[in-house]
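[1] Here's a sequence, model it:
(one chain, ligands or ions: 1)
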Amino acid sequence: MTFLGMPVTAPRGVGHLRGDEPFPAAARKALADSQLRLNLQHATTTIRGKSGRVIAELPDWQELRDAGSALKTETMARLPELLEQLEERVTAAGGVVHWAADAVEANEIVTSLVKQTGEQRVIKVKSMATQEIGLNEALEAAGIQPVETDLAELIVQLGNDKPSHILVPAIHRNRAEIREIFLREMPGVDPALTDDPPVLAAAARRYLRETFLSARVAVSGANFAIAETGTLAVVESEGNGRMCLTLPDTLITVMGIEKIVPQWSDLEVFLQLLPRASTGERMNPYTSMWHGVTPGDGPQDFHLVLLDNGRSAVLSDEIGRQALHCIRCSACLNVCPVYERTGGHAYGSVYPGPIGAVLSPQLTGVDDNASLPYASSLCGACFDACPVKIDIPSILVHLRDEAPHPRTEKAAMRAAAYTMDHPRLYERAQHAAKLAKYAGKRLPPPLNGWTASRDLPTPPDETFRDWWRGR
Ligand code: SF4
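    As a prediction, this is how the structure comes out:
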């Protein structure tokens, strides 16, 4: 038996946390796609510039980051108590709280709730948690059609594609490609559709309007849940979320247990940090908050599914648990030199970029995502950009240590450590290393992995010690 709160990792065979191939192989394919690199470079440069400008307007940005970080640390230290408080408040306000230990349980809960309504179609607000657990596939298997209503998610869904960015899931597509997808997949689309962005947005709006007005069940995620009041919050830019959260009779929210904050006033910090770091806006165009059920106003049936799926395992790691502080702003993706070149699909998980490289391996267990902690140059740009100051480089190094290592590498590292610990041996090794200049630019097997993507540096003719002695 597995209970929520037990430190077990996310189950295999369900959801989207594991890729089909290791990062280096997937990245090599992505790097060969020059159109993808062009799209990514254009998009990340634009978002970076916008975000940098609005962040520079705030003289207390660093203090806000400190406050966000401290609030998240406090939240993680009190997580069980806060979750129980949230359950009590949501229940008192007329909602029903469900606890899901993993993706399988969460999918079963949501599918059965939708079935109980008798509906065969649900509208969805963009949600990383439901992508993580593969909810769309579970609903489709049960004969229920999920309709994504966020424009970028809709493009991904119609294109039978996978999201590649936390905030802009279709960042790998340019407008010509989007036009083609709409012409091919969108029912009733105008055959004279152009690739002008307002024209594409209008086509999506027409398609979604009928769905919004007729759907009786919606599924959402949540950006924040306030333990003190039992309030849920979703922030978004298009207004599709507001429609999903208010029009249907039934609302089902799937939320990772780390999304909780202790008090209402804590939102003051996060609602300043999130839009500036994320979309480069001063505030979110739409911030929707709801509190249980209000008779005669909005959904009359509200369910909150609290999802673990490996989060307790992350929480049990003293260094890695910082990854649970993430508010999914995507700033770390937009500054990452690795992400900018490979895009999100290479990471194999719904969580790409630097945060994905530390969150996915912890949710699945490092063995299942052993190459991701290496998907970084450790330049530290993600740490500088993170609005809640998650020290991603330190977690990457920590996870590299936990990842399985070949025996030859372990032996080489032990030998290197011993040599560096013994000055005379080290000196002799330095002299011996001079012979490496005859080895060329590559190391022989079984050490050739290191020089597969780098040249072996040519050793100097004179070591520092020799130079020093000579003076
Ligand atoms: S790790 Fe930090 S920068 Fe990256 S998505 Fe999360 S909050 Fe944003």
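[2] Make sure I have this right: residue 234 is in a strand.
    Yes: remark: residue 234 belongs to a strand, assigned using DSSP: H, G, I helix; E, B strand; the rest coil.
[3] Can you give me every residue that contacts it?
    125, 220-223, 241, 245, 286-288 (CB atoms under 8 Å, 6 or more residues apart in numbering). C-beta here means a position set from N, CA and C on the backbone, and glycine is covered the same way.
[4] Could you dump the residues you listed into a markdown table with neighbour count added?
    Listed next are the contacts of residue 234 as a markdown table, based on neighbours: other CB atoms under 10 Å:
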| residue | neighbour count |
| --- | --- |
| 125 | 26 |
| 220 | 26 |
| 221 | 23 |
| 222 | 22 |
| 223 | 25 |
| 241 | 26 |
| 245 | 23 |
| 286 | 16 |
| 287 | 18 |
| 288 | 21 |
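[5] In TSV: those residues, plus pLDDT and secondary structure.
    Shown next, in TSV, are the contacts of residue 234 (pLDDT from 0 to 100; DSSP: H, G, I helix; E, B strand; the rest coil):
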residue	pLDDT	secondary structure
125	94	coil
220	98	strand
221	97	coil
222	98	coil
223	97	coil
241	95	helix
245	97	helix
286	96	strand
287	96	strand
288	97	strand
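[6] For the helix or strand containing residue 116, which helices and strands make contact with it?
    Here residue 116, judged by DSSP states H and E, is contained in helix 103-117. Helix 103-117 sits against strand 96-100, helix 128-133, helix 135-141, strand 217-220, strand 250-256, strand 301-307, with contacts defined as 3 or more CB pairs under 8 Å, 6 or more residues apart in numbering; DSSP states H and E.
[7] which helices and strands does the helix or strand following the third one pack with?
    Tracing the chain past helix 135-141, the next element assigned as helix or strand by DSSP H and E is strand 145-148. For strand 145-148, the elements it packs on are strand 121-124, helix 135-141, helix 151-158, judged by 3+ CB pairs under 8 Å, 6+ apart.
[8] returning to that earlier point: of all the contacts of residue 234, which comes closest to the ligand?
    Distance to the ligand across those (CB to the nearest ligand atom) is lowest for residue 223, with 11.3 Å.
[9] check contacts around the closest one.
    233-235, 259, 274, 327-328.
[10] could you redo those as TSV and give each row distance to the ligand and pLDDT?
    Listed next are the contacts of residue 223 as TSV, based on distance: CB to the nearest ligand atom, whole Å; pLDDT from 0 to 100:
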residue	distance to the ligand	pLDDT
233	16	98
234	17	97
235	13	96
259	12	98
274	8	97
327	5	98
328	5	96
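[11] Quick one, which of those residues are buried?
    233-235, 259, 274, 327-328 (16 or more other CB atoms under 10 Å).
[12] Surely residue 207 is in contact with residue 185?
    No: Residue 207 lies out of contact with residue 185 (CB atoms under 8 Å); the separation is 10.0 Å.
[13] mind showing which ranges of the chain have poor pLDDT?
    By pLDDT under 70, the low-scoring segments of the chain are 1-2, 439.
[14] Just the C-alphas of the longest helix belonging to it, formatted as PDB.
    Scanning the chain for the longest helix, with DSSP state H as the assignment, gives helix 34-56. Taking Å, rounded to 0.1, in the frame of the first residue of the first chain, the C-alpha atoms of helix 34-56 are listed here in PDB:
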ATOM      1  CA  SER A  34      18.000  24.800 -37.300                       C
ATOM      2  CA  GLN A  35      14.400  26.100 -37.500                       C
ATOM      3  CA  LEU A  36      13.800  25.000 -33.900                       C
ATOM      4  CA  ARG A  37      16.900  26.800 -32.800                       C
ATOM      5  CA  LEU A  38      15.900  29.900 -34.600                       C
ATOM      6  CA  ASN A  39      12.400  29.800 -33.000                       C
ATOM      7  CA  LEU A  40      13.800  29.200 -29.600                       C
ATOM      8  CA  GLN A  41      16.400  31.900 -29.800                       C
ATOM      9  CA  HIS A  42      13.900  34.500 -31.000                       C
ATOM     10  CA  ALA A  43      11.300  33.600 -28.300                       C
ATOM     11  CA  THR A  44      13.700  33.300 -25.300                       C
ATOM     12  CA  THR A  45      15.500  36.500 -26.300                       C
ATOM     13  CA  THR A  46      12.200  38.400 -26.500                       C
ATOM     14  CA  ILE A  47      10.900  37.100 -23.100                       C
ATOM     15  CA  ARG A  48      14.300  37.700 -21.400                       C
ATOM     16  CA  GLY A  49      14.400  41.300 -22.600                       C
ATOM     17  CA  LYS A  50      10.800  42.000 -21.500                       C
ATOM     18  CA  SER A  51      11.200  40.400 -18.100                       C
ATOM     19  CA  GLY A  52      14.600  42.200 -17.500                       C
ATOM     20  CA  ARG A  53      13.000  45.600 -18.100                       C
ATOM     21  CA  VAL A  54      10.100  45.200 -15.700                       C
ATOM     22  CA  ILE A  55      12.200  43.600 -13.000                       C
ATOM     23  CA  ALA A  56      14.600  46.600 -13.200                       C
END
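[15] contacting residues for residue 267?
    So residue 267 contacts 224, 226, 233, 261 (CB under 8 Å, 6+ apart).
[16] picking up where we left off before, more crowded one of residue 207 and residue 185?
    Taking other CB atoms under 10 Å, residue 207 and residue 185 do not tie; residue 207 has more neighbours (19 against 15).
[17] Could you measure from that one over to the ligand?
    Residue 207 is 30 Å from the ligand, where distance means CB to the nearest ligand atom, to the nearest Å.
[18] how about the residue minimising distance to the centre of the chain, phi and psi?
    Centrality entry for the chain: nearest residue to the mean C-alpha point is residue 351, 3.0 Å, by CA atoms, centre = their mean. Backbone geometry at residue 351, expressed as degrees, to the nearest 10, gives phi -100, psi 100.
[19] Quick check, it in contact with residue 163.
    No: counting by CB under 8 Å, residue 163 is not a contact partner of residue 351; they are 10.0 Å apart.
[20] tell me which parts of the protein are close to the ligand?
    Residues of the chain found near the ligand (CB under 6 Å from any ligand atom) are 326-332, 355, 385-388, 390.
[21] Let's see that with 5 Å instead.
    Contact residues, the chain versus the ligand (CB under 5 Å from any ligand atom): 326-327, 329, 331-332, 355, 386, 390.
[22] Among the residues you listed, which one has the most neighbours?
    Within these, neighbour counts (other CB under 10 Å) peak at residue 331, which reaches 31 neighbours.
[23] From residue 167, how far out is that one?
    Separation of residue 331 from residue 167 (CB to CB, to the nearest Å): 9 Å.
[24] Likewise for residue 178?
    In this view, residue 178 and residue 167 are 17 Å apart by CB to CB.
[25] Neighbour count for the two, which is higher?
    Neighbours per residue, other CB under 10 Å: of residue 178 and residue 167, the larger number sits with residue 178, 24 against 19.
[26] Make a markdown table out of the contacts of residue 234 and add distance to residue 372.
    Formatted as a markdown table, the contacts of residue 234 follow (distance: CB to CB, whole Å):
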| residue | distance to residue 372 |
| --- | --- |
| 125 | 28 |
| 220 | 28 |
| 221 | 23 |
| 222 | 26 |
| 223 | 24 |
| 241 | 30 |
| 245 | 33 |
| 286 | 33 |
| 287 | 32 |
| 288 | 33 |
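[27] out of those residues, who's nearest residue 99?
    residue 222 (15.1 Å; CB to CB).
[28] and the residue lying closest to the closest one once chain neighbours are set aside, bridged to which residues?
    Once flanking residues are discounted, residue 222 sits nearest to residue 255: 4.2 Å by CB to CB, 6 or more residues apart in numbering. Using DSSP bridges, the bridge partners assigned to residue 255 are residue 306.
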